[in-house]
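Enquirer: Make a model of this:
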Amino acid sequence: MRDETSIGVEFDTPVNDLLLQVIAAIFRQNIRCCYWKSSARLPAALAGETDLDLLVSRHDQHRLQVCLLENGLKLFPTVASRSDPAMTSYLGYDEPSGLIVHVHVHTRVVSGYRLLSEYRLPWAETILEHSVPHPRFPVNVPDQATEAVLLITRGLIELRRSDPVAAANWDAMRRKFDTDRRALAARVDPALLRVRGADLLGEPIAERLAAALTDRVPLERQHALRRLVRQQLAPHRAFNSIETTARAVARAVSWAAGALNQRYLHLPRPLHRVAPGGGIVVALMGVDGSGKSTAVAGLNRWLGAEVDTMPIYFGTGDGRPSLILLPLKLMVPLFTRLTSSRPKGSSHGNVSHRPPGLIYGLLLTLWSVALAIEKRHKLLQAHRAAERGMVVVADRFPQDQFASFNDGPLLPRLKRVPRWLRQFEASAYELSRRVPPDLVIKLTASPDLIATREPAMNRDVIRQRTAELQMLAFPDSTVVCIDAAQPLDSVFRQIRNEVWRHL
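Expert: Predicted structure coming up:
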């Protein structure tokens, strides 16, 4: 790292404050490491927009771990099916910017399939020995000749259509390598490149490697050089060809299935990276109009880019229902036409303040049974997801303290219901106390504000539910109240802060 007196000066591109603090601490500890990926992407990495890939000396790896942890970063394990002993991921939350910064620590130089880096290049100490201070940023980087050897070698190994992830992002990957190659070609001394190529890959390949930097033929089409490089690096593969292919196919299938699950099925299956020490369930509670759905969507976007999250909707409004409730939900417009007014306890529409009639009672009984089944299923799914290391973000959470409040049991509103049916519904809500959320965030607002945001909602119900929200108790959870009348940015900042503290 650079001299500490240079840390704190202004740079052409903003450097994230948290990363600047981490880099300064690394320098003070005299830890041998450098940013080893393309120098063209260093500004974005230091701004916190992409991963910061640090190569660390094997002798200093544990001191670097301590340094990162002491400066606010947390170790987030990669799921077992995609983990690599040469790489670890640390995430940090920069509160002023709201960014989650990602520091990727490498103890070896790895390359290969995007989902399986089978090559372990024995170059770490050589790269660190020839690293130099970056002219604009407070980090060390490989000298230009070493960076050119790394770039060409990685391009020859990684640019292959047999890699499903590379194939899916082929044009972007090809352009990235081509752009970096042309930029280096204008700066690298060919003589130094040949010397470094001979050090790392041997004299017979060095001349062809230097020629590849300026060759008009793109790297993915330089087949003869690819064969030579792979032959030279064959002893440094973690698996033989057959095992590499088998593992790569298995991981590709797992990756495709995981992507399908995240997009459509939402089963509790982590795919990328899990929370340290196990997952958590975060429940956002509030009266309609308090901004729950907006906050849940924002929280999933913010955290889901780095950690496996699982959104769960426990309500019956515009969120995604389960297959159990979906048929009944599709029939809601028909049920609405059958009842000109709604009985006492309803929040929207023409509320009559009378107890439910026969037709409405039958429909409500059917609805409550289906809803109880759905809530039981979702509670178990949320609990299992957290046990597997995922962060569950719940829009609402079942409770049985107030029958009139959102997410409470419905059958207490009816008089003539069999006892066994009441017990069946009650058991689903009782489960919410056995598997409580880890963090409950109550979005509180005045009845007048809710009435402004939800003009179709009955005002008596608004007053009752805002009062009951305050009284809702979760004795086994951490409960935080946030004023939903604040600007959305302020509300979301407080939510992010509380969630990060619990990870």
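Enquirer: Tell me, how many residues neighbour the closest residue to Gly361 other than its chain neighbours?
Expert: Using Cβ to Cβ, 6 or more residues apart in numbering and skipping residues adjacent in sequence, the residue nearest Gly361 is Leu414, 5.2 Å away. (C-beta placed from N, C-alpha, C; glycine too.) Per other Cβ atoms under 10 Å, the neighbour tally for Leu414 reads 19.
Enquirer: Quick check: Leu414 touching Thr365?
Expert: Yes. Applying Cβ atoms under 8 Å, one finds Leu414 in contact with Thr365, separated by 6.7 Å.
Enquirer: What are the boundaries of the strands in the stretch 101-250 of the chain?
Expert: For the stretch 101-250 of the chain, the strands defined by DSSP state E, counting those that start in this stretch occupy 109-111, 119-121, 131-133, 140-142.
Enquirer: low-scoring stretches of the stretch 251-400 of the chain, by residue?
Expert: Applying pLDDT under 70 to the stretch 251-400 of the chain picks out residues 318-322, 329-356.
Enquirer: quick one, strands of it?
Expert: Along the stretch 251-400 of the chain, the stretches classed as strands by DSSP E, counting those that start in this stretch are 280-285, 309-313, 391-395.
Enquirer: Looking at these, which is nearest to Arg58?
Expert: The closest of the strands of the stretch 251-400 of the chain to Arg58 is strand 391-395. By Cβ to Cβ, the value is 32.2 Å.
Enquirer: and the helix or strand following the closest one with strand 280-285, angle?
Expert: Next in sequence after strand 391-395, counting helices and strands by DSSP states H and E, comes helix 419-434. Per axes from the mean of the first three to the mean of the last three Cα atoms, to 10 degrees, the angle that helix 419-434 makes with strand 280-285 is 120 degrees.
Enquirer: Let me know the average pLDDT across helix 419-434.
Expert: Averaging pLDDT along helix 419-434 yields 93.
Enquirer: Run the chain-centre distance for it.
Expert: Centre-to-centre, helix 419-434 and its host chain are 34 Å apart (Cα atoms, centre = their mean, to the nearest Å).
Enquirer: what does the average pLDDT come to for the helix or strand following that helix?
Expert: Downstream of helix 419-434, the first helix or strand assigned by DSSP H and E is strand 439-444. For strand 439-444, mean pLDDT rounds to 97.
Enquirer: Show residues contacting stretch 384-394.
Expert: For stretch 384-394, the surrounding residues in contact (Cβ atoms under 8 Å, 6 or more residues apart in numbering) are 77, 79, 268-270, 274-275, 278-284, 296, 299-300, 303, 307-314, 382, 437-438, 499, 503.
Enquirer: filter these to the buried ones?
Expert: In terms of neighbour count (16 or more other Cβ atoms under 10 Å), the buried residues within the contacts of stretch 384-394 are 79, 268-270, 274-275, 279-284, 296, 299-300, 303, 307-314, 382, 437-438, 499, 503.
Enquirer: can you count the residues close to Asp163?
Expert: By the criterion of other Cβ under 10 Å, Asp163 has 21 neighbours.
Enquirer: residues contacting it?
Expert: Residues counted as contacts of Asp163 (Cβ under 8 Å, 6+ apart) are 113-115, 248.
Enquirer: redo that, cut-off 6 Å
Expert: Listed by Cβ atoms under 6 Å, 6 or more residues apart in numbering, the contact set of Asp163 reads 113-114.
Enquirer: roughly how far apart are it and Val249?
Expert: Per Cβ to Cβ, to the nearest Å, Asp163 is found 11 Å from Val249.
Enquirer: Which parts of the protein belong to which domain?
Expert: The chain is divided into the following domains under automatic domain parsing: 1-141, 143-243, 275-501.
Enquirer: Between the two ends of the shortest one, what distance do you get?
Expert: The stretch domain 143-243 measures 35 Å between its terminal residues, going by Cα to Cα, to the nearest Å.
Enquirer: for it, the distance to its chain's centre please.
Expert: 31 Å.
Enquirer: Then the first one?
Expert: Taking the mean C-alpha point of domain 1-141 and that of its whole chain, the gap between them comes to 19 Å (Cα atoms, centre = their mean).
Enquirer: How confident was the prediction at Gly408?
Expert: Looking at Gly408, its pLDDT reads 85.
Enquirer: For it, give me its contacts.
Expert: 399, 402 are the contacts of Gly408 under Cβ under 6 Å, 6+ apart.
Enquirer: Now do the phi/psi pair for it.
Expert: Taking degrees, to the nearest 10, you get phi -100, psi 170 for the backbone angles of Gly408.
Enquirer: mind starting the numbering at 37 from now?
Expert: Taking 37 as the first residue, the last one we looked at is Gly444.
Enquirer: Tally up the residues packed near Asn533, please.
Expert: 14.
Enquirer: Kindly state the pLDDT recorded for it?
Expert: The model reports Asn533 with a pLDDT of 97.
Enquirer: before we move on, which element is it in?
Expert: Going by DSSP H and E, Asn533 is in helix 524-537.
Enquirer: try Glu85
Expert: Under the assignment given by DSSP H and E, Glu85 is not contained in any helix or strand.
Enquirer: Leaving out the residues flanking it, which one is nearest to it?
Expert: Leu135 (8.0 Å).
Enquirer: how near is the one you found to Ile486?
Expert: 32 Å.
Enquirer: Compare neighbour counts for those two and give me the winner.
Expert: Ile486 (25 against 18).
Enquirer: Nearest residue to the more buried one in space, ignoring adjacent ones along the chain?
Expert: Nearest residue to Ile486, sequence neighbours excluded (Cβ to Cβ, 6+ apart): Gly325, at 4.5 Å.
Enquirer: Quick check: that neighbour touching Arg489?
Expert: Yes. With contact defined as Cβ atoms under 6 Å, Gly325 reaches Arg489; the gap is 3.6 Å.
Enquirer: out of the two, which sits in the busier spot?
Expert: Using other Cβ under 10 Å as the criterion, Gly325 and Arg489 rank with Gly325 on top: 18 against 15.
Enquirer: May I have the phi/psi pair for the more buried one?
Expert: phi 100, psi 0.
Enquirer: what sits against it?
Expert: Gly325 makes contact with 486, 489-490, according to Cβ under 6 Å, 6+ apart.
Enquirer: Could you list which of those belong to helices?
Expert: Among those, the ones falling in helices (DSSP state H) are 486, 489.
Enquirer: Can you tell me which of the contacts of Gly325 is closest to Ala509?
Expert: Using Cβ to Cβ, those come closest to Ala509 at Ile486, 21.3 Å.
Enquirer: what about the closest one, distance to Pro434?
Expert: To Pro434, Ile486 is 21 Å away according to Cβ to Cβ.
Enquirer: want to throw the domains of the chain into JSON lines with distance to Ala293?
Expert: Putting the domains of the chain into JSON lines (distance: least, Cβ to Cβ, whole Å) gives the following:
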{"stretch": "domain 37-177", "distance to Ala293": "11"}
{"stretch": "domain 179-279", "distance to Ala293": "12"}
{"stretch": "domain 311-537", "distance to Ala293": "14"}
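Enquirer: right, and those - which one's nearest Val289?
Expert: Here domain 179-279 is closest among the domains of the chain (Cβ to Cβ), at 9.1 Å.
Enquirer: Going by neighbour count, which residues in whichever helix in the chain runs longest are buried?
Expert: Determined from DSSP H, the single longest helix within the chain is helix 394-423. Within helix 394-423, the residues that count as buried by 16+ other Cβ under 10 Å are 396-397, 399-401, 403-412, 414-415, 417-422.
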